[in-house]
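Visitor: Whatever this is, show me its structure:
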Amino acid sequence: MSIVEEVIIIGSGPAGYTAGLYAGRSMLKPKMFAGFASGGQLMLTSDIENFPGYPEGIGGPEMMMELRKQASRFGCKIIDKNVDSIDTRSHPFKVKVGKDSFLTKSIIITTGAEAIWLDAENEEKHKGQGISTCATCDGAFFKDKEVIVVGGGDSAMEEATFLTRFCSKVTIVNRREELRASQIMADRARDNSKIAWKLNKVVKGWVGEQGNFQGVILTDTQTNDEELFKCDGAFIAIGHKPMTNFLNSQIDLDVHGYIVHKENTMTNVGGIFAAGDVVDARYRQAITAAGMGCMAAIDAEKWLEKN
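Guide: Residues are numbered from 1 along each chain as shown. Got it, this is the predicted structure:
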């Protein structure tokens, strides 16, 4: 544990790999703990069409492997393990990985946020192949198709309204009659002629074999009656959960658990930076995460020069 790293990157995905690429090119010899599920949310995305430089589109896993390769090329050492905790009480910081501890002058956190799934029957087999958690990412694949959006909050209304640009029909499924959404968002959805409603319904399970999504089984929350509702795709919009548990209250978070930037990409702890979906509850795009990963690496480099 006597070796002190210049920078340790916790997490991977577009933010982490881009931070690794920039830190590597700055000769910081970054060490990255990419996590057991390295690559982040994009590993669940079958096609990416909105990342510049890929006119024909690219698969999410393929893009992550290319970013990983690029970061490695410039000296980023990538280890597919989870970080259990960090200790910011003294400097250099301590990063705990299983039984091992690592010392580092700076940390870049890019652990992302995971979409909250329903865990309904047959969900695993349809993730990224019929069921999505990002309308901006995947809506265009459902042109002239019928889809459902599960959720009753602002994000569900926003996703449903956005999907009407492509889809012939969007049905919002919510477990109760009332919506959690703000009045303006709910009214916007209600006023849209392409949006239909299935209220007082919950998803029991998904129908179809892998690669052949066919619909959903809905249970009525008042009568327990079940119905098969056929559709071409589904979008789950019940929220995201930033992956910040390992921080143990040492870094300032907002009320939803997202890391708060204090100065540029630096957190309330000098020398600890954050980028990507672990910070960003608004955009949640690969391109914005990559851009923020670049910013965090540059900020870390500048901080290390002075400290």
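Visitor: got any ranges where the stretch 151-300 of the chain has weak pLDDT?
Guide: Within the stretch 151-300 of the chain, no stretch has pLDDT under 70.
Visitor: those strands in it, which residues are they?
Guide: For the stretch 151-300 of the chain, strands defined by DSSP state E, counting those that start in this stretch occupy the ranges 169-174, 195-199, 201-209, 212-220, 226-230, 233-236, 240-242, 272-274.
Visitor: Format these as a markdown table; extra columns: distance to D154 and mean neighbour count.
Guide: Placement of C-beta: from N, CA and C, glycine included. Putting the strands of the stretch 151-300 of the chain into a markdown table (distance: least, Cβ to Cβ, whole Å; neighbours: other Cβ atoms under 10 Å) gives the following:
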| stretch | distance to D154 | mean neighbour count |
| --- | --- | --- |
| strand 169-174 | 12 | 24 |
| strand 195-199 | 15 | 16 |
| strand 201-209 | 20 | 18 |
| strand 212-220 | 22 | 18 |
| strand 226-230 | 24 | 13 |
| strand 233-236 | 14 | 24 |
| strand 240-242 | 13 | 20 |
| strand 272-274 | 24 | 29 |
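Visitor: What is the end-to-end distance of stretch 263-275?
Guide: Between the opening and closing residues of stretch 263-275 there is a gap of 13 Å (Cα to Cα, to the nearest Å).
Visitor: What's the local residue count around D119?
Guide: 8 (other Cβ atoms under 10 Å).
Visitor: I'd like to check which residues are in contact with N268.
Guide: I251, D252, V260, K262 (Cβ atoms under 8 Å, 6 or more residues apart in numbering).
Visitor: Compute the number of surrounding residues for the last one.
Guide: Spelled out, that is K262. Quick note: K262 (other Cβ under 10 Å) scores 16 neighbours.
Visitor: For it, give me its contacts.
Guide: D252, N268.
Visitor: just W117 next, same as before
Guide: W117 neighbours (Cβ under 8 Å, 6+ apart): E123, K127, T133, I236.
Visitor: quick one: it and A297, what's the gap?
Guide: 31 Å (Cβ to Cβ, to the nearest Å).
Visitor: repeat for A34
Guide: Taken as Cβ to Cβ, the span from A34 to A297 is 15 Å.
Visitor: List the contacts of stretch 152-172.
Guide: 135-136, 139-140, 142-151, 174-176, 178-182, 185-186, 188-189, 192, 194-198, 229, 231, 235, 237-239.
Visitor: Kindly report the same for stretch 59-79.
Guide: Counting by Cβ under 8 Å, 6+ apart, 9, 12-14, 17-18, 20-21, 23-25, 27, 29-34, 38-40, 42-48, 51, 54, 58, 97, 128, 286, 290 sit against stretch 59-79.
Visitor: let's see 6 Å
Guide: 17, 20-21, 24-25, 29-34, 39, 42-43, 45, 48 (Cβ atoms under 6 Å, 6 or more residues apart in numbering).
Visitor: Closest to I109 out of the residues you listed?
Guide: F33 (10.6 Å; Cβ to Cβ).
Visitor: Please, a PyMOL command that selects the buried ones among the contacts of N268?
Guide: Isolation of the buried members of the contacts of N268 (16 or more other Cβ atoms under 10 Å) is achieved in PyMOL through the command below:
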select buried, resi 251+262
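Visitor: Present the contacts of N268 as JSON lines; the columns should include distance to V216.
Guide: As requested, the contacts of N268 are exported to JSON lines (distance: Cβ to Cβ, whole Å):
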{"residue": "I251", "distance to V216": "39"}
{"residue": "D252", "distance to V216": "40"}
{"residue": "V260", "distance to V216": "37"}
{"residue": "K262", "distance to V216": "44"}
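Visitor: In the contacts of N268, find the pair that's most separated.
Guide: Pairwise over those, using Cβ to Cβ, the maximum falls at I251 and K262, 9.7 Å.
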